[in-house]
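*Asks:* just coords:
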């Protein structure tokens, strides 16, 4: 039975309004994994399907002709990811290569449909609507599929038009998220490179930078911090000793007692850290612009006796207070040529004494105490990486809390 024209128009307007709202949601999501899940969820909702799938074109291993062989990465609503070759033997492959829409009432009647997926995921596919995802350049970057139209044997022409429009919004959102992801990976690589440069100057203190960053993150977690606040802590920890690049080796690496002039030169690393990071501040994402001030203030004390600016009390950020505690704890518990490392309990007593004396924030010392089991694990992971001669490839942020403990700083 045909729907009444007015009813059909109302439904179409509702779908268009839903599409407009969804486009705003998609463009505001920057995390690629969450975005892909959101795209499938919204596609299922708008098309009144049972579920949706999404494939992204990706580069594979180089082939004999020197060109990269493209594959599909399949993201399936309600199932795990799989990959399949990019060719016309599959529905998604055909759509990706031809740019044509496929609309099937009975998937099993089409030789391009692979029933093994149904068997694998204990599902029964009936109707299928597959459309290409085109970026603003017109390039096909993926394929979206809606499966099993609800309350109808198949998807109609209106569904095709809505899905094509939706796929365009989705493609733009995916391209944006990929670009931001690439930017973040590039920034992460630069920061890690700087941390490695600091630790490479002295094998004895290697790992200090990574440990401090990791300890700071664990302290933040113990305080209930999450997300962006932990990210800021981590980057500030990884960069807090950048100024030591400007301290001469004969002073920085001196095993014996420092003269007062040499100690002042060591102390100057905090101010140098701020100057170095201020010079590259435009490279920091907007949400990380506080990192230079935090990193440079890791030797400030609540009573004003710290350096480089002699800040006191509320003038010192919470993040800098955390770094100060993490830095001192690592310096105390790290081995030096002229002394054995302090035990964790001894180091905690020292921190507590400094907190009572008004130098360190007692809340941060307490948070470190609460996070001590996690901090010990961080220390062990860093040591394993050092023994592996720094050849790790951290997935995500595995090395998010480490540092190079330098006693003279």
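*Replies:* In hand now; what should we look at? Being a predicted model, the structure only gives us computed values, none of them experimental. Numbering: from 1, shown residues only.
*Asks:* And the protein, what are its domain boundaries?
*Replies:* 5-178, 201-387 (automatic domain parsing).
*Asks:* Please enumerate the helices of the stretch 251-400 of the chain.
*Replies:* 260-279, 291-296, 318-333, 344-356, 362-370, 372-387 (DSSP state H, counting those that start in this stretch).
*Asks:* what separates the fifth one from the chain centre, distance-wise?
*Replies:* In this case it means helix 362-370. 26 Å (Cα atoms, centre = their mean, to the nearest Å).
*Asks:* so what secondary structure elements neighbour the helix ranked longest in the chain?
*Replies:* Ordering each helix of the chain by length in residues (DSSP state H) puts helix 157-200 first. Counting contacts by 3 or more Cβ pairs under 8 Å, 6 or more residues apart in numbering; DSSP states H and E, helix 157-200 packs against helix 5-28, helix 32-47, strand 128-134, strand 140-149, helix 208-222, helix 228-239. Any C-beta I mention is one placed from the backbone N, CA and C, and that applies to glycine too.
*Asks:* what angle sits between that helix and helix 372-387?
*Replies:* Put simply, helix 157-200 runs at 70 degrees to helix 372-387, going by axes from the mean of the first three to the mean of the last three Cα atoms, to 10 degrees.
*Asks:* how about the helices and strands packed on helix 157-200, which one is nearest residue 280?
*Replies:* helix 228-239 (9.8 Å; Cβ to Cβ).
*Asks:* The helices of the stretch 251-400 of the chain: which one's closest to residue 39?
*Replies:* Once the helices of the stretch 251-400 of the chain are compared by Cβ to Cβ, helix 291-296 is nearest, at 32.3 Å.
*Asks:* Just the mean pLDDT for that closest one, thanks.
*Replies:* Mean per-residue pLDDT for helix 291-296: 94.
*Asks:* again, but for stretch 346-360
*Replies:* 97.
*Asks:* Outside of it itself, list whatever touches it.
*Replies:* Outside stretch 346-360, the residues within contact range by Cβ atoms under 8 Å, 6 or more residues apart in numbering are 301-303, 305-306, 321, 324-325, 328-329, 332-333, 342, 361-362, 365, 368-369, 372.
*Asks:* so where's the longest strand in this protein?
*Replies:* When the chain is parsed with DSSP state E, its longest strand is strand 49-62.
*Asks:* what packs against that strand?
*Replies:* helix 32-47, strand 68-76, helix 91-98, strand 140-149.
*Asks:* Report the distance from it to the chain centre.
*Replies:* Counting by Cα atoms, centre = their mean, strand 49-62 comes out at 22 Å from the chain centroid.
*Asks:* Show me what that strand pairs with in its sheet, parallel or antiparallel.
*Replies:* strand 68-76 (antiparallel), strand 140-149 (antiparallel) (DSSP bridges).
*Asks:* Return the member of those having the minimum mean pLDDT.
*Replies:* With a mean of 62, strand 68-76 has the lowest mean pLDDT of those.
*Asks:* Please pull up the helix or strand immediately following that one.
*Replies:* Downstream of strand 68-76, the next assigned helix or strand under DSSP states H and E is strand 82-85.
*Asks:* So for that following strand, what gets flagged as buried?
*Replies:* residue 84 (16 or more other Cβ atoms under 10 Å).
*Asks:* picking up where we left off before, pick the most deeply packed of the helices and strands packed on helix 157-200.
*Replies:* helix 208-222 (a mean of 29; mean count of other Cβ atoms under 10 Å).
*Asks:* re earlier: now distance to residue 316 too, for the helices and strands packed on helix 157-200, in a markdown table please.
*Replies:* A markdown table is the format used below for the helices and strands packed on helix 157-200 (distance: least, Cβ to Cβ, whole Å):
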| stretch | distance to residue 316 |
| --- | --- |
| helix 5-28 | 34 |
| helix 32-47 | 35 |
| strand 128-134 | 49 |
| strand 140-149 | 47 |
| helix 208-222 | 14 |
| helix 228-239 | 13 |
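*Asks:* between the ones you listed, which one is nearest to residue 190?
*Replies:* The nearest among the helices and strands packed on helix 157-200, by Cβ to Cβ, is helix 228-239 at 10.3 Å.
*Asks:* How far does the closest one sit from its chain's centre?
*Replies:* Centre to centre, stretch against its chain (Cα atoms, centre = their mean), the figure for helix 228-239 is 12 Å.
*Asks:* which helices and strands sit right next to that helix?
*Replies:* helix 157-200, helix 208-222, helix 291-296, helix 318-333.
*Asks:* ok, for residue 26, nearest residue in space, not its chain neighbours?
*Replies:* Nearest non-adjacent residue to residue 26, counting by Cβ to Cβ, 6 or more residues apart in numbering: residue 173, 4.0 Å away.
*Asks:* my read: the one you found touches residue 29, true?
*Replies:* Yes. Counting by Cβ atoms under 8 Å, residue 173 sits close enough to residue 29 to count as a contact (6.8 Å).
*Asks:* so what sits against both of the two?
*Replies:* Common neighbours of residue 173 and residue 29 (Cβ under 8 Å, 6+ apart) are residue 35.
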